[in-house]
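Asker: Quick one, structure for this:
(2 chains)
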Amino acid sequence: MKPLSKTFIYTFLIIGSLLMLLPFVWMLLTSIKPSFEVRVMPPIWIPSEFRFDNYLIAFEVAPFATYFMNSMIVTVLSTIGELMTTILAAYAFAKVQFFGKNVLFAILIATMMIPGEMLLIPNFVTLANFQWIDQYEALIIPWLASIFSIFLLRQFFKSVPDELGYAARIDGCTDWRYLWQVMVPIAMPAIITITLLKAIGSWNAFLWPLIVTNSTNMRTLPVGLTAFTSEAGTNYELLMAASAMIILPMIILFVFLQRYIISGVSRSGLKG
Amino acid sequence: MKQKSHIKGWLYVLPALVILAIFTLYPIYKSVVMAFYTDYDFFNDIVYAYGFDNFIYLWEDPLFHRALRNTFIYVLGVVPVSIILSLAIAMALNTKINFKPLFRMIYFIPFVTSVVAVSIVWRWIFHGDYGLMNYFLGLVGIDPIRWLTDPNWNMPALIILSIWKGLGYNIIIFLAGLQMVNTQYYHAAQIDGANTWQRFLNVTLPQLAPMTFFISIISIINAFKVFDEVYALFNDRPGVANSALTVVYYMYNKFYGEWDFGVASAAALVLFIIIFIFTMIQMYIGSKRVTY
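Answerer: This next block holds a predicted model:
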């Protein structure tokens, strides 16, 4: 490659990267500014003093501790639950022959083209009948299974040679133990990918928690944040501190485990 | 371990199936039926009348027309720009450069962050008086734009935010596709004296066509479902005077604002039909096209 075109590529990529990062940098810088340096033109980039207590103030102005706990509970429980149902179902679809398997799998795959927004209203009615509105059940239980995850893990399980299973059987290993002690460890990369994509999706979910929660103490972080924007009004340093509390955990997770997330996304290409 | 064991198979599938049956399969049927509820008492779950009135209502409601039009404008504003930019960045990343994983990571970060939270950050950037956007525009001599308060600028603001948010996903898919591009043709073209632009046009692009098509359809389908960005960017409103009202937002307003479940379900069904058409196009062309 010619040095000129290389310089051009670097310039292009660096300018692009700066534009991608700028909103996050601006969020962080605003979040630690004293309030008199926030609404000024031209903008002050580096605050004269770092007000980290903006984060504490945000916690006092709105019940972010509660929102944070709710988001944690919902994310952890729905991720663990989905993982369990996914591992079992994916194993059956990949390695067990049972009546109706192919038809069932085809039906499930076909439903993946249905937009989730369409299921919102009937699911709301169902949950109202269960008396689960404004309960943890409504935030967690509908999300305990995912066709996308089952499909992803099934593909991985299928690539494990059957001979391994025959050998384990001869050695007296039960099917159940074979699944958990042989298949699951082999499929660990795929399982980590599924876990991360699910956790990110659950943490960031908005429309569903918005609809099924009414009371303040059931809100998750994104729902609480939008409510806070009406309350905080023009205190942008507090708004940015609150936004950072939602954004930073996922960025940290991503930076350390990015290869699993990126490989999952590039392999699937199915989830938006 | 292939074996015939019907009961075991169903037992393994059962936990997932119970959840999916209640919260995915049943509501698919139910959502279609609900679109024909014309007189419905939600609190007692009693339907008094069925009919096509909800669809007639949508047909005649200028707000729904506006929601459809805005959604189409949004799709046309986001998808082509996003595809071209992400292809260019993916190609730049696919060359022999340093720090490739770092660049890839940076471009992908917005994808893992909360739509609501980043939309609120962008609300601050788009601030009419103190926003960064207007500050930068001012540096090149452009007068401040009322991104969030002038109805004419609501859609552009939404589109800019969405392009930024979605770029990383498309880049990752393109990168995976570029790795499969056969470099033999590339070298052959080079030997034949083709320049960089000619090689891109005649070698890379045809090989990327199926992938570009796939990303376009996925992007179009996702763009039709836009909601979170609108809600958070304009603070619980679909822009000024409904200037950023989208189909899902319309559905949300009817459902959660007015408790009109019938009309909301009908709007959801219209959304599904639009998405279904694009899915069918994808499957039809995808099955016909021979990949390289």
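Asker: all strands for the stretch 1-150 of chain A, in order.
Answerer: For the stretch 1-150 of chain A, the strands defined by DSSP state E, counting those that start in this stretch occupy A:96-97.
Asker: any weak-confidence spans in the chain?
Answerer: No chain in the question, so chain A it is. For chain A, the stretches flagged by pLDDT under 70 are A:1-4, A:268-272.
Asker: other chain: chain B
Answerer: In chain B, residues with pLDDT under 70: B:1-4, B:288-292.
Asker: Going by secondary structure, B:Y40 is in what exactly?
Answerer: Assigned by DSSP states H and E, B:Y40 belongs to strand B:37-41.
Asker: for that strand, packing partners?
Answerer: Applying 3 or more Cβ pairs under 8 Å, 6 or more residues apart in numbering or on different chains; DSSP states H and E, one finds that strand B:37-41 makes contact with strand B:46-50, helix B:53-60, helix B:261-288. C-beta coordinates here come from the backbone N, C-alpha and C atoms, glycine included.
Asker: Provide the strand pairings for it, with the direction of each partner.
Answerer: For strand B:37-41, the pairing partners within the sheet under DSSP bridges are strand B:46-50 (antiparallel).
Asker: which parts of the partner strand are buried?
Answerer: Buried positions in strand B:46-50, judged by neighbour count with 16 or more other Cβ atoms under 10 Å in any protein chain shown: B:Y50.
Asker: Now do that strand against helix B:261-288, angle only.
Answerer: If you take axes from the mean of the first three to the mean of the last three Cα atoms, to 10 degrees, strand B:46-50 sits at 70 degrees to helix B:261-288.
Asker: Can you give the contact residues for strand B:46-50?
Answerer: Here strand B:46-50 makes contact (Cβ atoms under 8 Å, 6 or more residues apart in numbering or on different chains) with B:36-41.
Asker: Highest neighbour count among the residues you listed?
Answerer: Neighbour counts for those (other Cβ atoms under 10 Å in any protein chain shown) peak at B:Y37, which has 22 neighbours.
Asker: and chain B, what are its domains?
Answerer: The record's domain parsing of chain B by automatic domain parsing lists B:6-53, B:60-288.
Asker: hey, which of the ones you listed is tucked in deepest?
Answerer: Stretch with highest mean neighbour count among those: domain B:60-288 (a mean of 18; mean count of other Cβ atoms under 10 Å in any protein chain shown).
Asker: re the thing from before, how about the helices and strands packed on strand B:37-41 in CSV, adding distance to A:R219?
Answerer: Below are these laid out as CSV (distance: least, Cβ to Cβ, whole Å):
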stretch, distance to A:R219
strand B:46-50, 31
helix B:53-60, 31
helix B:261-288, 23
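Asker: For A:A58, which of the ones you listed is the nearest?
Answerer: helix B:261-288 (34.3 Å; Cβ to Cβ).
Asker: thinking again about what came up before, out of the helices and strands packed on strand B:37-41, the one nearest A:A242 is which?
Answerer: helix B:261-288 (30.4 Å).
Asker: Check which helices and strands that closest one is in contact with.
Answerer: Counting by 3+ Cβ pairs under 8 Å, 6+ apart, helix B:261-288 packs on helix A:116-130, helix B:26-34, strand B:37-41, helix B:53-60, helix B:62-93, helix B:205-224, helix B:247-252.
Asker: now the helices: where do they sit in chain A?
Answerer: All helices of chain A, identified by DSSP state H, fall at A:3-31, A:53-61, A:64-95, A:101-111, A:116-130, A:136-140, A:147-158, A:162-170, A:175-178, A:184-186, A:188-204, A:207-212, A:221-232, A:236-268.
Asker: The shortest one vs chain B: in contact?
Answerer: No - looking at helix A:184-186 against chain B by Cβ under 8 Å from any Cβ of the partner chain, there are no contacts, and the closest approach is 12.8 Å.
Asker: Likewise for the fifth one?
Answerer: Yes - Helix A:116-130 comes into contact with chain B (Cβ under 8 Å from any Cβ), by way of A:117-126, A:128-129.
Asker: quick one: the closest residue to B:Y40 other than its chain neighbours and B:Y57, what's the gap?
Answerer: Using Cβ to Cβ, 6 or more residues apart in numbering or on different chains and skipping the chain neighbours, the partner closest in space to B:Y40 is B:V47 (5.3 Å). In this view, B:V47 and B:Y57 are 17 Å apart by Cβ to Cβ, to the nearest Å.
Asker: My read is that B:F272 contacts A:P115, right?
Answerer: Yes - B:F272 is within contact range of A:P115, at 6.0 Å (criterion: Cβ atoms under 8 Å).
Asker: burial of the residue nearest to A:F59 when sequence neighbours are not counted, as a residue count?
Answerer: Of all residues not flanking A:F59 in the chain, A:A65 sits nearest, at 6.0 Å (Cβ to Cβ, 6+ apart). By other Cβ under 10 Å, 10 other residues sit near A:A65.
Asker: for A:G100, same thing?
Answerer: Applying other Cβ under 10 Å, we find 12 residues neighbouring A:G100.
Asker: swap in A:N217?
Answerer: 12.
Asker: Please give me every residue in contact with it.
Answerer: A:N217 neighbours (Cβ under 8 Å, 6+ apart): A:63, A:66, A:70.
Asker: out of those, which is most surrounded?
Answerer: Counting by other Cβ under 10 Å, top hit in the contacts of A:N217: A:N70 with 22 neighbours.
Asker: hang on, that one packs against A:T220?
Answerer: Yes - the pair formed by A:N70 and A:T220 meets the contact definition of Cβ under 8 Å, at 5.0 Å.
Asker: Distance check, A:L77 against B:V78.
Answerer: 34 Å.
Asker: quick revisit: any chance of the helices of chain A in JSON lines, with distance to B:G262 too?
Answerer: Compiled in JSON lines, those are given as follows (distance: least, Cβ to Cβ, whole Å):
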{"stretch": "helix A:3-31", "distance to B:G262": "40"}
{"stretch": "helix A:53-61", "distance to B:G262": "40"}
{"stretch": "helix A:64-95", "distance to B:G262": "30"}
{"stretch": "helix A:101-111", "distance to B:G262": "23"}
{"stretch": "helix A:116-130", "distance to B:G262": "10"}
{"stretch": "helix A:136-140", "distance to B:G262": "23"}
{"stretch": "helix A:147-158", "distance to B:G262": "28"}
{"stretch": "helix A:162-170", "distance to B:G262": "52"}
{"stretch": "helix A:175-178", "distance to B:G262": "48"}
{"stretch": "helix A:184-186", "distance to B:G262": "46"}
{"stretch": "helix A:188-204", "distance to B:G262": "30"}
{"stretch": "helix A:207-212", "distance to B:G262": "17"}
{"stretch": "helix A:221-232", "distance to B:G262": "26"}
{"stretch": "helix A:236-268", "distance to B:G262": "35"}
